[in-house]
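Asker: Predicted coordinates and the sequence they were generated for:
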Amino acid sequence: MNLYFTLFVVFFIQFVISFESSFISPIVPYLSNYFSIKESSVIYLNLGFSMIGLFSPLFGMAADKYGKKNAIVFAIVAFLTGTFITGWSPSPIVFGLGRMLIGIGNITLTASLLSYISDFIPYENRGKGAGILRIAFAIAILISPIYSTNMVKYFNIHYLYWSVSVLSIMILFLSVKLPKDHNEHISCSSELNFKEVISITKKPITIKFLIIQFSLVLAPIFMFSYLSIWLKHNFNLSQSYIGYVFTLTALGTVTGVIIAAILSDKIGKMKYGILSFILMTLVLAPLPYIKSIYLVIPLTFLYALGLDGGWSAFQAICSEIYPNRRTVFMTLLYFVISACALLLTIIGPSLFELGGYKLVIGIGTISNIISIILLIDVSKDKNFNIK
């Protein structure tokens, strides 16, 4: 089947799941009023989403055993069901359960899509393949904040999520027409077992990348989870204007992934990733001390540029560490993301109540520095040949 069709469908799927995942942060004040809960506790609505990510290695094993295409179709069905339930939800508990189903779909798809297209794209061009996914992500988070804030302003949460249900039905039909992933990956993965997964996690390179993944994701979870609350109380911004700030921030993501798609394969993915993560750390540290919204926006723009540009390169590197166990390794990485998100969902509100935005951003900055040090260490390892 035409490679361009495959890339289009994968692009569309990535767009839809990223579109939904960017709803929550901009509408925290709305959800607080809608469900009558504290603003700092809105993050608890993501508890089910984060918890389901702990099972992501199982989804990865199933994808490698039964085929990535089959995993993609299954994940879209779960995602579709979750959007319908979330849109209908009359209470925070039902909302959380719906987002749990969305999490099954989102996490499985996020880990499987790059692994799936890697079967069709050689490593030397895989930076462009990862770039396609990141561009879809960037466009989604560019549109999502304005869309979600205005939908809840003029309509309600039901129409917000049910509109995603319609998009989910569309990608479900398209995904059925995707070509099967390469048979050799499926067959060699059919013997995969827990002992093999455990053996992968014991390797030093795996441990380093899992720590790097945890360190990288901690800061953006903290930053974006409480950004809307900080903007509301520090700058007295309305729900709509908060959405505009998120959209302008997303322009940094768009810029970052486009630059990464063009340059990361040329100058080296590792070098590009390190430089991007250094940039995002430098602009993150002073953020909570800024007193002007007109200075906040450039900093969040540059932060998103560094984060998502570097993330594209980082994902491409990760996809080649275990070529024959690609989906399992990627889902291990997303297991770490989910574990981090779950941990921060539990302790984040208390930390925010204790020290506000300055404390959580300070922790995120230190975490970023750790990830950069480890990446530089890996890049100097003579046994690590992926550049």
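Answerer: Great, that's in hand. Keep in mind that what you see is a predicted model, and the values were worked out from it rather than measured.
Asker: ok, now which ones touch the closest residue to A250 other than its chain neighbours?
Answerer: Spatial nearest neighbour of A250, chain neighbours left out: L142 (4.0 Å); criterion: C-beta to C-beta, 6 or more residues apart in numbering. (C-beta placed from N, C-alpha, C; glycine too.) By C-beta atoms under 8 Å, 6 or more residues apart in numbering, L142 lies in contact with T247, A250, L251, T253, V254.
Asker: So which other helices or strands are in contact with whichever strand or helix holds H158?
Answerer: Take DSSP states H and E as the rule and H158 turns out to sit in helix 157-176. Judged by 3 or more C-beta pairs under 8 Å, 6 or more residues apart in numbering; DSSP states H and E, helix 157-176 is in contact with helix 3-21, helix 28-35, helix 68-88, helix 126-154.
Asker: so which of those comes closest to M61?
Answerer: helix 68-88 (10.0 Å; C-beta to C-beta).
Asker: For the closest one, buried residues please.
Answerer: Under the neighbour-count criterion of 16 or more other C-beta atoms under 10 Å, helix 68-88 has 68-72, 74-76, 78-87 buried.
Asker: Over to stretch 134-151?
Answerer: Quick answer for stretch 134-151 (16+ other C-beta under 10 Å): 134-149, 151.
Asker: what mean pLDDT does it have?
Answerer: The pLDDT scores in stretch 134-151 average 88.
Asker: same question, stretch 108-118
Answerer: Stretch 108-118 comes out at a mean pLDDT of 81.
Asker: What segments of the stretch 251-387 of the chain are strands?
Answerer: Using DSSP state E, counting those that start in this stretch, no strands are assigned anywhere in the stretch 251-387 of the chain.
Asker: Look up how far L167 lies from the residue nearest to A250.
Answerer: 16 Å (C-beta to C-beta, to the nearest Å).
Asker: before we move on, what about A136?
Answerer: 13 Å.
Asker: returning to what we had before: any chance of the contacts of L142 in TSV, plus pLDDT?
Answerer: Output for these, formatted as TSV (pLDDT from 0 to 100):
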residue	pLDDT
T247	90
A250	88
L251	91
T253	86
V254	86
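Asker: Which of these sits closest to I205?
Answerer: In terms of C-beta to C-beta, no member of these lies closer to I205 than T253, at 28.3 Å.
Asker: where does the helix ranked longest in the chain sit relative to the chain's centre, distance-wise?
Answerer: As assigned by DSSP state H, the longest helix anywhere in the chain is helix 326-379. Relative to the centre of its chain, helix 326-379 is centred 13 Å away, using C-alpha atoms, centre = their mean, to the nearest Å.
Asker: Next: stretch 289-304.
Answerer: 22 Å.
Asker: Okay, helices next: where are they in the stretch 201-350 of the chain?
Answerer: Counting by DSSP state H, counting those that start in this stretch, the stretch 201-350 of the chain has helices at residues 204-235, 239-267, 269-284, 293-318, 326-379.
Asker: The ones you listed: which one's closest to F19?
Answerer: helix 239-267 (11.3 Å).
Asker: measure the residue nearest to A250 to G252 for me?
Answerer: L142 is 10 Å from G252, by C-beta to C-beta.
Asker: now do I37
Answerer: Distance from I37 to G252, by C-beta to C-beta: 30 Å.
Asker: out of those two, which sits in the busier spot?
Answerer: Neighbours per residue, other C-beta atoms under 10 Å: of I37 and G252, the larger number sits with G252, 26 against 14.
Asker: surely the more buried one meets P298?
Answerer: No - in this structure, G252 is not within contact of P298 by C-beta atoms under 8 Å, at 9.1 Å.
Asker: which of the residues in stretch 268-284 are buried?
Answerer: 268-270, 272-281, 283-284.
Asker: for those, which one is nearest A260?
Answerer: Y272 (6.5 Å).
Asker: hang on, the closest one packs against S264?
Answerer: Yes - using C-beta under 8 Å, Y272 is in contact with S264, at 4.3 Å.
Asker: wait, what's in contact with K38?
Answerer: S32, P349.
Asker: got the phi/psi numbers for it?
Answerer: Main-chain torsions, K38, degrees, to the nearest 10: phi -60, psi 150.
Asker: measure it to M223 for me?
Answerer: 19 Å.
Asker: Thank you, goodbye.
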